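Chemist: Next one to model:
(chains A and B)
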Amino acid sequence: MDAIQQSLLEQVAGLHEIPAGAYNIRANGQMAGRNTTANIDIVSKEDRSGIDIRIKPGTKKESVHIPVVLSQSGLKESVYNDFFVGEDCDVTIIAGCGIHNGGDAASEHSGIHRFFIDKNAKVRYVEKHYGSGDGLGERVMNPTTEIHLAEGASLEMETVQIKGIDSTKRVTKAEVAAGASLVIHEKIMTHGKQYAETDFVVNMEGEDSSVNLVSRSVAKERSSQLFKSRIIGNSRCQGHSECDAIIMDEASVSAIPELTANNIDANLIHEAAIGKIAGEQLIKLMTLGLTEKEAEEQIVNGFLK
Amino acid sequence: MRGNMLELKNICFSAEDSSKEIEILKNVSVKIEERFVAVTGPNGSGKSTLAKIVAGILKPDSGQILLDGVDITDLSITERANMGISFAFQQPVRFKGILVKDLLSIALGKDATMAEICEMLSEVGLCARDYVNREVNGSLSGGELKRIEIAMIMARKTKVSIFDEPEAGIDLWSFQNLIRVFEKMYAATNGSILIISHQERILNIADKIILLADGEIRQIGTKDEIMPALLGSGQPCRTLTDKL
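Modeler: Got it, this is the predicted structure:
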């Protein structure tokens, strides 16, 4: 792996060296490293590009890293990764994609991740997207996440895209069974002429299922963002979505939250707020000695922390 | 005792209210040389506007502001902050995601250590352990925010510290301590304290009181000179101050 790929790996997975536990590293469309453990197996798909990750029931405190890096300009790939998490597991999955495009052709990575999380299993899923390189070629990422939560299972997903991705369309679909819970924290910052679209669809199928979607984003310069969320309550459930965006310069942000209750005991809430940085916040930090620019950075960094 | 000198010369400020121009400050001139000066007067008399003009948040229509003889009228908020002016807001600002320790670090001008945070927060009766990693958002009460606001100003130890109604939103227990906070600041630093207040007990510890009414300075003097007139005129009302 070369220096550019190493640096991408560090950005998306925080990896300075080979991770502990199970991992699969994909670089420029090829497998660049894999490790399995007694409880976590990783197998390449035969019919298409991607892997199956199988985690044995009862596996606790283990982690899987599956970073992807692209440094070859013009490479376009779709990767299908399926996660089968057994009953009563408690595991962390760290995915992430970094694109360095120093050329003029668009580089594109579409990761299609499916999660089949069995009864009472607990999963923390972290996903980071990052782009670098000064070529004219666009860096495009279109992640699709499909989540099936069995009874009593829970998934906490953190997704972060802070820099360098020119265009992204992120689709997340989930089915939540009785007593299961889904929590998603999304953080996005766009600048330049970037475009980011987020589309959540969550079906609350079982009694006492719950979902909490929280999106915080900052749109700078001439970038634009679209946030869509649909929560459908088909039984007694708790659903909450929140889109909170700071808009700067000539950027634009749209938020389209949608709630559907098909059951009298479905309790669904959405909140959406878009606005510029409050003047009084800037003034407060300036009275503490920061310049307007420094104050702006503090506010944005805090907001996306 | 002499403090740093802040001088306002012929300050005029007007604002628009439903397309009508209202004069908020009318040719205000005052020299503030004492270490502890209180500005009082009825609501709407222009007290907060005066403080914001000193901090650079509002620009006067005309007039001059001098700090130790240097004309700061055209300087930005940041430049004034770095020259030694601090300003505690009447309504503290909330920040999503910014932690108490982040804000205190900004006030201190460096990454605050736990010991420094403990020192700062204990001055205002808060335990650092409970607050250091709290977000400065709606989860903190008005009184807690106000105390953190005061702690930040104390930590800066600047030439001039301005407090806009520090008693507003503070409960009775904290009010007792607030007086002590100002007394301690007075004793421990060389800076000047400028407080906008309606509180008799705060006015009582001031070296000088400026009475502002209707955008003009009505009277400047010691508490013995000003208080009788204030209480006699019902400003601030005795019944009200006793209840606060």
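
Chemist: how many neighbours does the residue nearest to A:Ala13 when sequence neighbours are not counted have?
Modeler: Closest residue to A:Ala13 apart from its sequence neighbours, by CB to CB, 6 or more residues apart in numbering or on different chains: A:Pro67 at 4.2 Å. C-betas here are computed from N, CA, C, even on glycine. Neighbourhood size, A:Pro67 [other CB atoms under 10 Å in any protein chain shown]: 27.

Chemist: now A:Tyr125
Modeler: Using other CB under 10 Å as the criterion, A:Tyr125 is surrounded by 22 other residues.

Chemist: My read is that it contacts A:Ser154, right?
Modeler: No. Look at A:Tyr125 against A:Ser154 with CB atoms under 8 Å: they stay out of range, at 10.8 Å.

Chemist: centre of the chain versus stretch B:23-30, how much separation?
Modeler: On the basis of CA atoms, centre = their mean, to the nearest Å, stretch B:23-30 sits 18 Å off its chain's mean C-alpha point.

Chemist: And the contacts of that stretch?
Modeler: Outside stretch B:23-30, the residues that touch it by CB atoms under 8 Å, 6 or more residues apart in numbering or on different chains are B:7-15, B:46, B:49-50, B:53, B:60, B:63, B:210, B:212, B:214-217, B:220.

Chemist: A:Asp166 versus the residue positioned nearest the centre of chain B, what's the distance?
Modeler: Residue closest to the average C-alpha location in chain B (CA atoms, centre = their mean): B:Phe163, at 1.2 Å. In this structure, B:Phe163 and A:Asp166 are 49 Å apart, going by CB to CB, to the nearest Å.

Chemist: Check what pLDDT A:Tyr80 gets.
Modeler: Per-residue pLDDT puts A:Tyr80 at 95.

Chemist: okay, now it: neighbour count?
Modeler: Here the number of neighbours of A:Tyr80 (other CB under 10 Å) works out to 17.

Chemist: Now do the contacts for the nearest residue to it once chain neighbours are set aside.
Modeler: Of all residues not flanking A:Tyr80 in the chain, A:Gly50 sits nearest, at 3.5 Å (CB to CB, 6+ apart). Applying CB under 8 Å, 6+ apart to A:Gly50 gives the contacts A:Ser44, A:Val79, A:Tyr80, A:Asn81, A:Asp82, A:Ile112.

Chemist: What residues are recorded as beta-bridge partners of B:Ile220?
Modeler: B:Ile210 (DSSP bridges).

Chemist: B:Thr73 against B:Leu58, yeah?
Modeler: No. Checked against CB under 8 Å, the pair B:Thr73 and B:Leu58 is beyond contact range at 11.7 Å.

Chemist: Please enumerate the shared neighbours of these two.
Modeler: Contacts common to B:Thr73 and B:Leu58, judged by CB under 8 Å, 6+ apart, are absent.

Chemist: Inside helices: which ones of the contacts of stretch B:23-30?
Modeler: Cross-referencing those against helices under DSSP state H gives B:Thr49, B:Leu50, B:Ile53.

Chemist: So, low pLDDT: which residues of chain B?
Modeler: B:1-4, B:172-173, B:232-241, B:244 (pLDDT under 70).

Chemist: And the helices in it, which stretches?
Modeler: Going by DSSP H, chain B shows helices at B:47-55, B:77-83, B:100-108, B:114-123, B:128-131, B:142-156, B:172-188, B:200-204, B:223-232, B:238-243.

Chemist: Equivalent analysis for the stretch 1-150 of chain A, please.
Modeler: A:3-13 (DSSP state H, counting those that start in this stretch).

Chemist: show me where it has strands.
Modeler: For the stretch 1-150 of chain A, the strands defined by DSSP state E, counting those that start in this stretch cover A:22-27, A:30-35, A:40-44, A:50-55, A:60-70, A:76-85, A:90-100, A:107-117, A:122-132, A:139-141, A:144-149.

Chemist: quick one, what contacts A:Ile277?
Modeler: Taking CB under 8 Å, 6+ apart as the test, what A:Ile277 contacts is A:Ile246, A:Met248, A:Glu296, A:Ile299, A:Val300.

Chemist: out of the contacts of stretch B:23-30, which are buried?
Modeler: The neighbour count (16 or more other CB atoms under 10 Å in any protein chain shown) marks B:7-9, B:11, B:13, B:46, B:49-50, B:53, B:60, B:63, B:210, B:212, B:215, B:217, B:220 as buried among these.

Chemist: of these, closest to chain A?
Modeler: Checking these against chain A with CB to the nearest CB, the nearest one is B:Ile53 at 13.1 Å.

Chemist: Around chain B, pick out the residues from chain A.
Modeler: Residues of chain A lying close to chain B by CB under 8 Å from any CB of the partner chain are A:216, A:244, A:278, A:280-281, A:283-292, A:298-299, A:301-305.

Chemist: which secondary structure element contains whatever residue of chain A ends up closest to chain B?
Modeler: Residue nearest to chain B within chain A (CB to the nearest CB): A:Gly302, separated by 3.7 Å. Assigned by DSSP states H and E, A:Gly302 belongs to helix A:292-303.

Chemist: Which residues does that helix contact?
Modeler: For helix A:292-303, the surrounding residues in contact (CB under 8 Å, 6+ apart) are A:189, A:216, A:218, A:244, A:246, A:248, A:277, A:281-282, A:285-286, A:290, B:78, B:95-99, B:102, B:106.
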